[in-house]
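[1] Sequence first, then the predicted structure, then my questions.
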Amino acid sequence: MTVESPGKETQVDVLRESTRRNLDALIARDQSLIACPYPTFADVREIGGVVYSEPLGAWVVTRYDDVRAILRDTERFSSLSPTGPQAAGASLMAGIAELSQDPTMAAVLGSVSMTRGRAAVLLNADPPDHRRQRRLVNPAFRPDRIRALEPLIESTASALMDVVVDELNEVGEVDIVARFAVGVPMTIIAHALGVPDHDLGTFKRWSDDIVMPVGNHDPSVDQVRGFLVSTKQFNEYFLERISERRRQPTDDILSDIANAVIDGEELSDDEQLGMLTQFLVAGNETTTKLITNIVRHLAEAPDVARRVREDRSLVEPLVEEMLRIEAPVGGLFRQAKTDVVVNGTEIPAGQHVWLLFASANRDECRFADPDVVDIDRPNLREHLAFGNGEHFCPGAGLARAEARIATNVVLDRLDDMSLSPSNDYRYGDSFVLRGLERLLVRARPV
């Protein structure tokens, strides 16, 4: 008996259904899909590049040219909901409703500062407000400011590496996330925002709690509690610091924000707090993930580690290639202002699109052998890890400097790196921000 192969249309239907199931599992934060979403993204690219996700409430856009075009199209797409249509959705509201019955939470939920900092700024602002705000922010991240921070980045990375080396000598392995990758960017952004060293632990907790709704559409009550408490504490802390900087300005980003006047107008408290919240998350979470990914690759690819150690001009290409192949931010959202057609798919006005940077960065139509780390790639800097167009990340230069310096310190101080068999390779509980919770490394200190 002859069994006929399914026709092309049937194969596409099977692939489409399988792909939708995998996308649903990713949105539900299935660890296996968070750990390796790239085959699913490739499937979406293959079946047309754009699919609708019911759990997400948004269209998923995966091809490089489409993602880049939408990022640059501020006339037809809005940035007001960059973390998605459900980022503050039903589950978060249900958690708040449950916590409202807890007397100990009454002071938090009833606090005026709880609702502060929700103005549309930078990441979630459209022109002309966005352009007005960027005129303030861009000078804070200008090249000479970043160069001035490099000695602090170097000393911070070196001091943290001392701890790494001590633990390697005592235990034989070390969690590079907790001991190194977290501390480098957190210390630098805290310094830029005027946070003293003794508040760094609190600063990190705020960062973890405040970022919780990003890529988590089903938070637990405890997660919602942490989000609410940390948001209140963060806002109160920085409203006080802003007041201090208005009275006594210093040479830091916080003073720039506190005393900014644009077109004859001061920034509102809500705009200032919104900016500071974004700096906290963008200046901490994403660079931690980038540094972790670099260390992991150096441990997994000794030939690359040897080559980069011998030729430090290759550190910058390595940073760019790791940004491409393991984008810390998987993708952000836009909302259609009018009916639009994306690669043949009609998207009605008011609906959201999830622009998958992580997929665009592995689009075989843009990058040859996209699933391979290639530090000699001719178009290294064409990746979309920092976005593109008007909303290109203002802190990209700082992130690159931190990753470059941290990588050089690792190469200077550690040799024969490998990954511990004890690693569980568990990722953070988010389908948007992608990074390992810990990474146990073995190495020979030098």
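    Structure's in. What do you need? Small disclaimer: the values here were computed from a predicted structure and weren't measured. Residues are numbered from 1 along each chain as shown.

[2] For stretch 165-178, list the C-alpha coordinates in CSV.
    Taking only C-alpha atoms (Å, rounded to 0.1, in the frame of the first residue of the first chain), the coordinates of stretch 165-178 have been written out as CSV:
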residue,chain,number,x,y,z
VAL,A,165,38.6,34.9,42.2
ASP,A,166,38.3,34.4,46.0
GLU,A,167,35.3,32.2,45.6
LEU,A,168,36.9,30.2,42.8
ASN,A,169,39.9,29.5,45.0
GLU,A,170,37.8,28.5,48.0
VAL,A,171,34.9,26.6,46.3
GLY,A,172,36.1,25.8,42.8
GLU,A,173,33.1,27.4,41.0
VAL,A,174,31.2,30.7,41.2
ASP,A,175,27.8,32.1,40.2
ILE,A,176,29.0,34.7,37.7
VAL,A,177,25.5,36.3,37.6
ALA,A,178,25.3,37.0,41.3
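
[3] Glu346 belongs to a helix, doesn't it?
    No. Counting by DSSP: H, G, I helix; E, B strand; the rest coil, Glu346 is not part of a helix but strand.

[4] Distance of it relative to Tyr52?
    11 Å (CB to CB, to the nearest Å). Glycine gets a C-beta too; all of them are placed from N, C-alpha and C.

[5] So these two - more neighbours on which side?
    Each of Glu346 and Tyr52 had its neighbours counted (other CB atoms under 10 Å), and the higher figure belongs to Tyr52 (15 against 11).

[6] just checking, the more buried one touches Val60?
    Yes. A contact is recorded between Tyr52 and Val60 when judged using CB atoms under 8 Å, the distance being 7.4 Å.

[7] any residues in contact with both of Glu346 and Tyr52?
    Where contact means CB atoms under 8 Å, 6 or more residues apart in numbering, no residue is in contact with each of Glu346 and Tyr52.

[8] so how far is Pro302 from Ser91?
    Relative to Pro302, Ser91 is positioned 44 Å away (criterion: CB to CB).

[9] no wait, Ser418
    According to CB to CB, Ser418 stands 8 Å off from Pro302.

[10] What is the neighbour count of Asp197?
    Burial of Asp197 is recorded as 10 neighbouring residues (other CB under 10 Å).

[11] roughly how far apart are Pro55 and Val341?
    Pro55 sits at a distance of 24 Å from Val341 (criterion: CB to CB).

[12] which of these two has more neighbours?
    Neighbour count, other CB under 10 Å: between Pro55 and Val341, Pro55 has more, with 15 against 9.

[13] What sits closest to that one if chain neighbours are left out?
    Nearest residue to Pro55, sequence neighbours excluded (CB to CB, 6 or more residues apart in numbering): Ile27, at 4.5 Å.

[14] Tell me which stretches of the stretch 101-250 of the chain form strands.
    Under the criterion DSSP state E, counting those that start in this stretch, strands of the stretch 101-250 of the chain are mapped to 174-175.

[15] Please save the CA atoms from stretch 19-33 in PDB.
    As requested, the backbone C-alpha atoms of stretch 19-33 are provided in PDB (Å, rounded to 0.1, in the frame of the first residue of the first chain):
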ATOM      1  CA  THR A  19       3.900  27.100  16.000                       C
ATOM      2  CA  ARG A  20       0.800  28.600  17.700                       C
ATOM      3  CA  ARG A  21       1.000  26.000  20.500                       C
ATOM      4  CA  ASN A  22       4.700  26.900  21.000                       C
ATOM      5  CA  LEU A  23       4.000  30.600  21.000                       C
ATOM      6  CA  ASP A  24       1.200  30.100  23.600                       C
ATOM      7  CA  ALA A  25       3.600  28.100  25.700                       C
ATOM      8  CA  LEU A  26       6.200  30.900  25.500                       C
ATOM      9  CA  ILE A  27       3.600  33.500  26.500                       C
ATOM     10  CA  ALA A  28       2.700  31.200  29.400                       C
ATOM     11  CA  ARG A  29       6.400  31.300  30.400                       C
ATOM     12  CA  ASP A  30       7.100  27.600  29.800                       C
ATOM     13  CA  GLN A  31      10.800  27.300  30.700                       C
ATOM     14  CA  SER A  32      11.700  25.100  27.700                       C
ATOM     15  CA  LEU A  33      10.300  27.700  25.300                       C
END
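
[16] With that, I have no additional questions.
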